[in-house]
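Colleague: Fold the following, please.
(one chain, ligands or ions: 2)
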Amino acid sequence: MTAPVLLCGSTHFPIADRIGRGGEGEIYAAADGTGRAAKVYLTPDAAREAKVRDIIARSLGAACSNVTFPLEIVRTADGRFAGFTMRRVMGHQPIHELIATGSRREHFPKADYRFIVHVALNVARIVANVHAAGVVIGDINSAGFLVAQNGTVTLIDADSFQIGMHRCRVGMPEFTPPEIQGMPFGAIDRTIDHDAFGLAVILFQLLALGRHPYAGVVRGRPVPLEQAIVQGRFAYSLLRTVGATPPPAR
Ligand SMILES: Nc1ncnc2c1ncn2[C@@H]1O[C@H](COP(=O)(O)OP(=O)(O)OP(=O)(O)O)[C@@H](O)[C@H]1O
Ligand SMILES: [Mg+2]
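Modeller: Numbers count the residues shown, from 1 in each chain. Ligands and ions are numbered 1, 2, ... in the order given. You can find the predicted model right below:
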């Protein structure tokens with residue numbers, strides 16, 4: 001696909017390379033040295049535009065500097081809504097590359113336990129900052145937190161958060177608490193407690209060598225994570241017997 005021509009306000013927004021792609025849009029680096037990036041939606045509908053405008057009006061980018069909240073609207077050359085600008089994150093890896101021990105050795109060769117704890121604290125701080133701004137993340141997952149070599153963390157995909165009346169329409173089962181497992185995300189209001197479950201999963205994975213807290217084995221067979229979450233089978237519990245044992249060491 002050729003790079004789109006974009007306007008930001010009344011001026012041309014010059015774009016360089018495409019630096020990312022997700023299910024909802026494509027991310028382009030700005031070519032003007034301002035350290036920005038633009039997300040261009042695959043389906044730039046009215047609901048997305050209303051949500052992005054609301055986020056910009058709330059100045060959330062200024063309130064949470066470690067979250068890439070939308071900063072300005074971008075439009076196509078003929079004036080239609082296309083997406084938004086945000087701060088570009090440089091020199092980072094998604095946190096799952098730090099969580100998985102194999103990729104940890106490759107991408108974070110100097111990461112010791114002190115580094116892991118530092119990153120874990122940064123992740124928790126970001127979630128607390130977002131909540132303090134009156135926003136629920138909703139789709140907490142290990143692709144959304146980007147980690148730099150110095151342990152700095154940035155949370156991306158902020159246009160999917162639950163903000164005011166705009167719901168978070170997405171989520172991943174392994175970071176979703178039991179009370180909303182299997183529910184249609186677009187039809188329910190998420191809470192900061194739901195975020196706390198997703199945060200706890202990421203912190204556990206970070207601090208426990210990549211293990212998911214609900215990974216477990218029953219009669220020699222692994223239990224699907226969604227099922228273990230719904231059934232409360234936390235196999236690492238020191239207080240309760242849950243009928244499952246932690247998976248064997250790798
Ligand atoms: N601000 C940013 N700076 C640098 N890279 C970014 C930034 N935002 C997104 N990316 C890159 O682009 C990818 C896709 O971004 P994002 O997750 O926001 O897209 P999406 O279409 O909403 O995806 P999803 O379907 O997972 O919600 C990210 O995984 C990341 O690699
Ligand atoms: Mg998204």
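Colleague: pLDDT score for the nearest residue to residue 91 once chain neighbours are set aside?
Modeller: Residue nearest to residue 91 in three dimensions, not counting chain neighbours: residue 148, with 5.4 Å by Cβ to Cβ, 6 or more residues apart in numbering. C-beta here means a position set from N, CA and C on the backbone, and glycine is covered the same way. At residue 148, the model reports a pLDDT of 98.
Colleague: Help me confirm that residue 148 comes into contact with residue 95.
Modeller: No. Between residue 148 and residue 95 there is no contact under Cβ atoms under 8 Å: 11.0 Å.
Colleague: Flag every residue of the chain that's near ligand 1.
Modeller: Contacts of the chain with ligand 1, taken as Cβ under 6 Å from any ligand atom, map to 19-25, 27, 37, 39, 68, 86-89, 143, 156-157, 160.
Colleague: Next step: these restricted to strands.
Modeller: Members of the residues of the chain next to ligand 1 lying in strands (criterion: DSSP state E): 19, 20, 21, 25, 27, 37, 39, 86, 87.
Colleague: So residue 227 belongs to a helix, correct?
Modeller: Yes. Residue state for residue 227 (DSSP: H, G, I helix; E, B strand; the rest coil) corresponds to a helix.
Colleague: Count the residues that sit near the closest residue to it other than its chain neighbours.
Modeller: For residue 227, the nearest residue in space outside its immediate sequence neighbours is residue 233; the separation is 8.0 Å by Cβ to Cβ, 6+ apart. By other Cβ atoms under 10 Å, the residues close to residue 233 number 22.
Colleague: which SS class is residue 233?
Modeller: Following three-state DSSP, residue 233 is assigned to coil.
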